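In: sequence plus the predicted model coming up.
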Amino acid sequence: MYNNIESDEALLKSVKEGDCEAFNPLIERYKLPLYKVMYRMTLNRDDAEDLVEEAFIKAYRGIDKFELGRPFYSWLRRIAVNNAINFIKKERRSRIESFEAVESRIRDDKHNPVTMTKQKMLRERIGLAMAKLPKDSRIIISLKVEQDLSYDQISTLLKIPRGTVMSRLARARQRLKQIVKEMEMH
């Protein structure tokens, strides 16, 4: 029986040696952070959950390709983001769920009611504005802002040059600001 204290490397070594139970603590450790990424990309709870599950299945099946000593979460996130990009390309649908609904389940704000209300309204406006962005812009903002990835990490993940990441991010941020301003006028 494994616990959640053991290092990724120790667990992965056990998995590579054939102990499938050693993968369970890794799932528990990374399912929520991965879910957040998938939700930001798809804007749909069910799709995000499916993509997280699919990423873990692919990671488990491809564990022999994983090099011990490297960060597991980065590898897992790359699998998930690639799946999400393919999913978005195939589906081309725009089901929108409020960002607030998921965020309220993920964390429990204990601020005063006025601050909570302002934050909620801002998150909802930004969420709606994000939903109006093209998928490429939404993905790149999510990777930079939500996951706090560097330009180089995003470049590697999306397989585009660093300069392209920077210019797309600048354009996406500008468009997001424009959308939020337009929403405030109505």
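Out: Yep, that arrived.
In: lowest-pLDDT helix or strand in this protein?
Out: Here the helix or strand of the chain ranked lowest by mean pLDDT, DSSP states H and E is helix 99-106, holding a mean of 49.
In: where exactly do the strands run in this protein?
Out: Remark: no strands are assigned in the chain by DSSP state E.
In: can you tell me the centre-most residue of it?
Out: The centroid of the chain falls nearest to V37 when counting by CA atoms, centre = their mean (0.9 Å).
In: quick check: A172 touching I141?
Out: Yes: between A172 and I141 there is a contact under CB atoms under 8 Å: 5.1 Å. The way it works is simple: take the backbone N, C-alpha and C, and place the C-beta from them, glycine included.
In: joint contacts of those two?
Out: Counting by CB atoms under 8 Å, 6 or more residues apart in numbering, the shared contacts of A172 and I141 are L133.
In: and L176, how far from D64?
Out: Distance of L176 to D64, computed by CB to CB, to the nearest Å: 41 Å.
In: compare these two (neighbour count), which wins?
Out: Each of L176 and D64 has its neighbours counted (other CB atoms under 10 Å); L176 has more, 19 against 7.
In: check contacts around the more buried one.
Out: I126, A129, M130, L133, S137, I141.
In: wait, what's in contact with the fourth one?
Out: Pointing back at L133 there. With contact taken as CB under 8 Å, 6+ apart, L133 is in contact with I141, A172, R175, L176, I179.
In: what does the third one give?
Out: Contacts for M130 were tallied using CB under 8 Å, 6+ apart; they are R40, L43, F99, R138, I141, S142, L176.
In: without its sequence neighbours, what residue ends up closest to the fourth one?
Out: Which is R138. Nearest in space to R138, with sequence neighbours left out and distances taken as CB to CB, 6 or more residues apart in numbering, is M130 at 5.6 Å.
In: contacting residues for the nearest residue to A55 once chain neighbours are set aside?
Out: Nearest non-adjacent residue to A55, counting by CB to CB, 6+ apart: A80, 3.7 Å away. By CB under 8 Å, 6+ apart, the contact list for A80 reads L34, V37, M38, L51, V52, E54, A55.
In: now, these that are in helices?
Out: Judged by DSSP state H, the contacts of A80 include L34, V37, M38, L51, V52, E54, A55 as members of helices.
In: for R175, see how far away the residue nearest to P33 when sequence neighbours are not counted is.
Out: Once flanking residues are discounted, P33 sits nearest to Y73: 7.1 Å by CB to CB, 6+ apart. Here the criterion is CB to CB. By it, Y73 lies 30 Å from R175.
In: quick one: which of these two has more around it?
Out: For Y73 versus R175, neighbours defined as other CB under 10 Å are more numerous around R175 (16 against 13).
In: tell me the contacts of the more buried one?
Out: Counting by CB under 8 Å, 6+ apart, R175 makes contact with L133, S137.
In: no further questions, thank you.
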